[in-house]
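Whatever this is, show me its structure:
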Amino acid sequence: MYDMPAEIDVQADGPLRIITLNRPDALNAVNDSLHTGLAQLWPRLSDDRSARAAVLTGSGRAFSAGGDFHYLAELSQDADLRAKTIAHGREIVLGMARCRVPVIAAVNGPAVGLGCSLVALSDIVYIAEEAYLADPHVQVGLVAADGGPITWPLHISLLLTKEYALTGARIPAAKAAELGLANHVVADPLAEAVSCAKRIMELPQQAVESTKRVLNVHLERAVLATLDFALTAENQSFQTDDFRSIVTKLTAGKN
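Predicted structure coming up:
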């Protein structure tokens, strides 16, 4: 559905869309195809006038393990791929912020890097008891242009945002809910997210969508205030010796 790559599965259940990040053998780590698909997904979902709500989850044991190390290595060497990825990063963030359809995240496992960002940009979040959030961009030598620093200050204090963004520390499910980065810690996040989506779909559509837009105007303004600088800084960080050294070690460990 929506002419997505194999790495993103979109299924329709009446007016509900179930969106699954679909690289289970790689813990749904983001490669070029998945990243490109995410950039295309949100405007297509918003343009789907028969869609009333969406649930976003991951296939297998993880929500998303963040950037695929081999993809990151390619980005350090390929200027054209890097330019495309930076542009798509902007489209992913703004696409989610502007999406007409309420998006409920079912965080079935670790949500790291971009996976963590997708959670932060969702409208309601159900997280599994054993799952966690983390934004380790800085740990691998990158600026988190589409990561926690963009959206977390709207959810939690600036001091806590700095702590988690600068250290990359994991945020366990219970702590995420306590801080306001997740709504509910549950045994079955997909079932709970679907149930929530169905409750929302029973409500008047114009009221739901306009209320979401009112709330996301705050989000979009915050994103636009920082996004272009963050993307420029991330583009520069892809080309640093620190990043290339770290990624070389990480990819060597995966071979």
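
If you count contacts, what does the longest helix out of those in the chain end up packed against?
Using DSSP state H, we find that the single longest helix of the chain is helix 205-237. Contacts defined by 3 or more C-beta pairs under 8 Å, 6 or more residues apart in numbering; DSSP states H and E place helix 205-237 against helix 79-98, helix 148-155. Yep, even glycine has a C-beta here, placed from its N, CA and C like the rest.

What residues sit buried inside it?
With burial defined by 16 or more other C-beta atoms under 10 Å, the residues of helix 205-237 counted as buried are 208-209, 212, 216, 219-220, 223, 227, 230-231, 234-235, 237.

The stretch 101-250 of the chain: helices as residue ranges?
For the stretch 101-250 of the chain, the helices defined by DSSP state H, counting those that start in this stretch cover 114-121, 148-155, 158-167, 173-179, 189-201, 205-237, 241-254.

I'd like these laid out as JSON lines, including mean pLDDT and distance to I8.
Formatted as JSON lines, the helices of the stretch 101-250 of the chain follow (pLDDT from 0 to 100; distance: least, C-beta to C-beta, whole Å):
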{"stretch": "helix 114-121", "mean pLDDT": "96", "distance to I8": "11"}
{"stretch": "helix 148-155", "mean pLDDT": "91", "distance to I8": "21"}
{"stretch": "helix 158-167", "mean pLDDT": "96", "distance to I8": "27"}
{"stretch": "helix 173-179", "mean pLDDT": "98", "distance to I8": "24"}
{"stretch": "helix 189-201", "mean pLDDT": "98", "distance to I8": "16"}
{"stretch": "helix 205-237", "mean pLDDT": "96", "distance to I8": "22"}
{"stretch": "helix 241-254", "mean pLDDT": "88", "distance to I8": "23"}
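
possible to save the ones you listed as CSV with distance to N28?
CSV is the format used below for those (distance: least, C-beta to C-beta, whole Å):
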stretch, distance to N28
helix 114-121, 7
helix 148-155, 18
helix 158-167, 21
helix 173-179, 17
helix 189-201, 14
helix 205-237, 21
helix 241-254, 16
